[in-house]
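Visitor: model this:
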Amino acid sequence: MAKEDKNDKDKDKKKDKGHDEIVDLAGRIGARPSEPEPATPPALVPPEPPPPPTRLDGPIPSAPRPRLVPAKEDRVQSAMIQKALAEEAQKAEPAIPSPRGAPGPGEVDLVVTPLPTPDDWHRFELALRKVRGVGQLRTEYYRHGVLKVRVSYQGTDRLAAALRTGVPGYRVRVIGEDRATLQILVTSDGDERRPG
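Guide: The predicted structure follows:
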C-alpha cells in the first residue's frame, strides 16, 4: 500500500506541475513559434515594382568597335597596294584582242538550245552537217545546254528556212534572227515519243 500511495503522490505532483507552466507544443512538432503581436502597426511602405521582363527580341550586342588607326602591318600593306595600283594605272596597255570576231561573208553564228548533254550536242552537229548548203562548222562554246556554232552556209534560201525543214531527226523552231546570228530551239524526234 505504501507503494501505491507513493505512485499517487508522484502523479499528483506531475499534474500540479503540468498546470503551472505553459508548454509550447508547436515548437515541439517543428512549426514556427508564433510571434507576439506588435503593439503599434508598422508604417506602410509602398512595395517596389517588379523588374521589367527580360526582352528576347532586344538588340544584339555589337562586336567591339575597330580601332581608328589600323595596325602597323595593315598600314604597310595598304601602302604597298596603293603603290601597285598607282603603277598599274600609269601603264596603259592595249586590250587583249578577242579571238572571236564577227562572222565573215557566208558565215552565221548559230545558237542552239536545249542540248542538255555533250552527247546531244555531238548528235546535233552530225545532223547539222547533213543539211544542204552547210559547209564548215566551228564550235564557239557549249555551256549549260547552249551550243554556239559558227556555220558557213551557201544556199538559195536563208539558213533559218533550211534548218526548219532539213535537220534530220530534229524539229527546229527559230526564236531569233539577225544578219549574223540565228537562235533556235530544237527537239529531237526521240524526245517527242517519250512518255512524260
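
Visitor: Please pull up the helix or strand immediately following the host helix or strand of D120.
Guide: Secondary structure assignment for D120, by DSSP states H and E: helix 118-129. Proceeding C-terminally, helix 118-129 gives way to strand 134-143 as the next helix or strand, assigned by DSSP H and E.

Visitor: how much does the helix holding D120 deviate in direction from strand 134-143?
Guide: 160 degrees (axes from the mean of the first three to the mean of the last three C-alpha atoms, to 10 degrees).

Visitor: Flag every buried residue along helix 118-129.
Guide: Neighbour-count burial for helix 118-129, counted by 16 or more other C-beta atoms under 10 Å, picks out D120, W121, R123, F124, E125, A127, L128. C-beta coordinates here come from the backbone N, C-alpha and C atoms, glycine included.

Visitor: confidence score at the second one?
Guide: W121 carries a pLDDT value of 90.

Visitor: and what of the fifth one?
Guide: On pLDDT, E125 comes in at 93.

Visitor: Find the residue closest to it in space, skipping its chain neighbours.
Guide: L137 (6.1 Å; C-beta to C-beta, 6 or more residues apart in numbering).

Visitor: who's in contact with V186?
Guide: V186 makes contact with V112, T113, P114, L115, F124, V167, Y170, R171, V172, R173, according to C-beta atoms under 8 Å, 6 or more residues apart in numbering.

Visitor: Relative to G145, how far out is it?
Guide: As for V186, its distance to G145 is 11 Å (criterion: C-beta to C-beta, to the nearest Å).

Visitor: Quickly list what's touching both of those two.
Guide: With C-beta under 8 Å, 6+ apart, V186 and G145 have common neighbours T113, P114, L115.

Visitor: Lowest mean pLDDT among the helices and strands, pick that one out for the protein.
Guide: The helix or strand with the lowest mean pLDDT-type score in the chain, counting by mean pLDDT, DSSP states H and E, is helix 2-20 (a mean of 57).
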